[in-house]
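>>> Requesting a structural model of the entry that follows:
(one chain, ligands or ions: 1)
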Amino acid sequence: MVSSLFLCGSWGFHAHRQINRLAVFTLPPEMIGFYKANIGYITEASVNADRRRFAVVDEAPRHYIDIDHFGDSALYTMPRYWKEAVEQYGEDTLKAYGILPWHINVMYYRLKDAFLMRDPAKILSLSADLGHYLADAHVPLHTTENYNGQFTGQEGIHAFWESRLPELFSGEYDFFVGKATYIENPQLEAWRIIERTHQNLNDVLQFERQLTAEMSEKKYSFETRGKQTIKVYSYEFSKAYHDALNGMVERQMKASIKSLGDFWYSAWVDAGQPDLKAIINYKPTEAELAQRRKEVEEWKQQQVKVRVHEDEN
Ligand SMILES: [Zn+2]
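Residues are numbered from 1 along each chain as shown. As a prediction, this is how the structure comes out:
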């Protein structure tokens, strides 16, 4: 349980991939050709930001914000702009409790710059990363200090909600979200997303607690993965929880897809709608491919280390 939490740390790989891939289909005709031509990369790179968490010191706090650490009304009173937030709390404190909504804004501006430069490699890697952070911003447990139910005796709920539930049930979801629309203010939009996401937190915790009381002996089952037998939330418990959430996981996945399309589209519009057809035949250079290979190798090395470490416990 714990191992999968730290390896994934956000929507399971499966959900991240779906969100990035499906956002492509929200785009207008001027954009969709370029994104479709690179949809394999956009999909695969959806989890690069999580992979970097092992290698880049500053990466982890970009994936969450423990907004409730700052008090009950912080969701509405926290300064929306980074500069003011730093003035009020200091950079170290903000980084300790997560910087997700501000980082989304940073990524938006980087993507806009990449469009201005018509740099296909940058457009693609930033588009994929932005998808990752926006998706994380739609996970209620990415907006709280109690991110794994550790303060309420609900350890494991993080990976349960964001990995196990979508893996079991997202095949039944209707992912039609319509066309991307323009965002006036990306920074305020990032906060609007956090507000809406956080409003789901109470249900996320409460339904799990209720169902645990009702069906505790059926909560877990065992599954065989390769040579290992692991304890998982049982199908029955997962189904009951998923039903109690009443479409929440589907709504949050859909909202992730829509907002990713919106952010891509707005960055492109704000960069003056550059002609993407001119770069549609882009192929990564040998150096870019070597860099991608290196990143994957480093990530695999880190995973081996994590596993060794776990076996020691
Ligand atoms: Zn993440």
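>>> for the residue in the stretch 101-250 of the chain that the ion sits nearest to, what are its contacts?
Scanning the stretch 101-250 of the chain for proximity to the ion using C-beta to the ion identifies residue 136 as nearest, at 4.4 Å. For the C-beta atoms, the positions are set from N, CA and C on the backbone; glycine is no exception. Taking C-beta atoms under 8 Å, 6 or more residues apart in numbering, we find residue 136 in contact with 10-11, 63-64, 100, 142.
>>> Now, of those, which are buried?
Buried members of those, scored by 16 or more other C-beta atoms under 10 Å, are 10-11, 63-64, 100, 142.
>>> near the ion, which residues of the stretch 51-200 of the chain show up?
The stretch 51-200 of the chain has residues 63, 136 near the ion, with proximity defined as C-beta under 5 Å from the ion.
>>> re the thing from before, can the contacts of residue 136 go into TSV with extra columns for pLDDT?
TSV is the format used below for the contacts of residue 136 (pLDDT from 0 to 100):
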residue	pLDDT
10	64
11	81
63	97
64	97
100	98
142	98
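>>> Make JSON lines out of those residues and add distance to residue 35.
Output for the contacts of residue 136, formatted as JSON lines (distance: C-beta to C-beta, whole Å):
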{"residue": "10", "distance to residue 35": "22"}
{"residue": "11", "distance to residue 35": "20"}
{"residue": "63", "distance to residue 35": "24"}
{"residue": "64", "distance to residue 35": "27"}
{"residue": "100", "distance to residue 35": "24"}
{"residue": "142", "distance to residue 35": "25"}
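>>> Quick check: beta-bridge partners of residue 232?
residue 221 (DSSP bridges).
>>> about what we covered before: out of the contacts of residue 136, which sit inside helices?
residue 100 (DSSP state H).
>>> Please identify which pair of the contacts of residue 136 lies farthest apart.
11 and 100 (13.2 Å; C-beta to C-beta).
>>> in stretch 43-61, what counts as buried?
Those would be 43-54, 60-61, for stretch 43-61 by 16+ other C-beta under 10 Å.
>>> Stretch 186-202 now?
Buried residues in stretch 186-202, counted by 16+ other C-beta under 10 Å: 186-187, 189-191, 193-194, 196-198, 200-201.
>>> How far does that stretch sit from its chain's centre?
13 Å (C-alpha atoms, centre = their mean, to the nearest Å).
>>> just the helices in the stretch 51-200 of the chain please.
Taking DSSP state H, counting those that start in this stretch, the helices of the stretch 51-200 of the chain run over residues 74-77, 82-89, 91-97, 100-117, 120-136, 157-159, 165-169, 186-198.
>>> Smallest gap between the stretch 201-313 of the chain and the ion, at which residue?
For the stretch 201-313 of the chain, C-beta to the ion, closest residue to the ion: residue 256, 11.8 Å.
>>> what angle sits between the strand or helix carrying that residue and helix 186-198?
Secondary structure assignment for residue 256, by DSSP states H and E: helix 248-270. Helix 248-270 runs at 180 degrees relative to helix 186-198, counting by axes from the mean of the first three to the mean of the last three C-alpha atoms, to 10 degrees.
>>> how big is the angle separating helix 248-270 from helix 120-136?
150 degrees.
>>> In terms of secondary structure, what does helix 248-270 contact?
helix 13-23, helix 29-37, helix 100-117, helix 120-136, helix 165-169, helix 186-198 (3 or more C-beta pairs under 8 Å, 6 or more residues apart in numbering; DSSP states H and E).
>>> quick one on the thing from earlier: save the helices of the stretch 51-200 of the chain as JSON lines, and put in distance to residue 275 too.
Formatted as JSON lines, the helices of the stretch 51-200 of the chain follow (distance: least, C-beta to C-beta, whole Å):
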{"stretch": "helix 74-77", "distance to residue 275": "41"}
{"stretch": "helix 82-89", "distance to residue 275": "32"}
{"stretch": "helix 91-97", "distance to residue 275": "39"}
{"stretch": "helix 100-117", "distance to residue 275": "11"}
{"stretch": "helix 120-136", "distance to residue 275": "12"}
{"stretch": "helix 157-159", "distance to residue 275": "43"}
{"stretch": "helix 165-169", "distance to residue 275": "36"}
{"stretch": "helix 186-198", "distance to residue 275": "23"}
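>>> Could you say which of those helices is packed most deeply?
helix 157-159 (a mean of 26; mean count of other C-beta atoms under 10 Å).
>>> Which elements pack onto that one?
Against helix 157-159 (3+ C-beta pairs under 8 Å, 6+ apart) you get helix 2-8, helix 201-215.
>>> Which of these has the lowest mean pLDDT?
Comparing mean pLDDT over these, the weakest stretch is helix 2-8, at a mean of 40.
>>> Can you tell me, leaving aside adjacent residues, what's nearest to the residue of the stretch 51-200 of the chain found nearest the ion?
Here the stretch 51-200 of the chain gets closest to the ion at one residue, residue 63, 3.8 Å apart by C-beta to the ion. Spatial nearest neighbour of residue 63, chain neighbours left out: residue 136 (4.9 Å); criterion: C-beta to C-beta, 6 or more residues apart in numbering.
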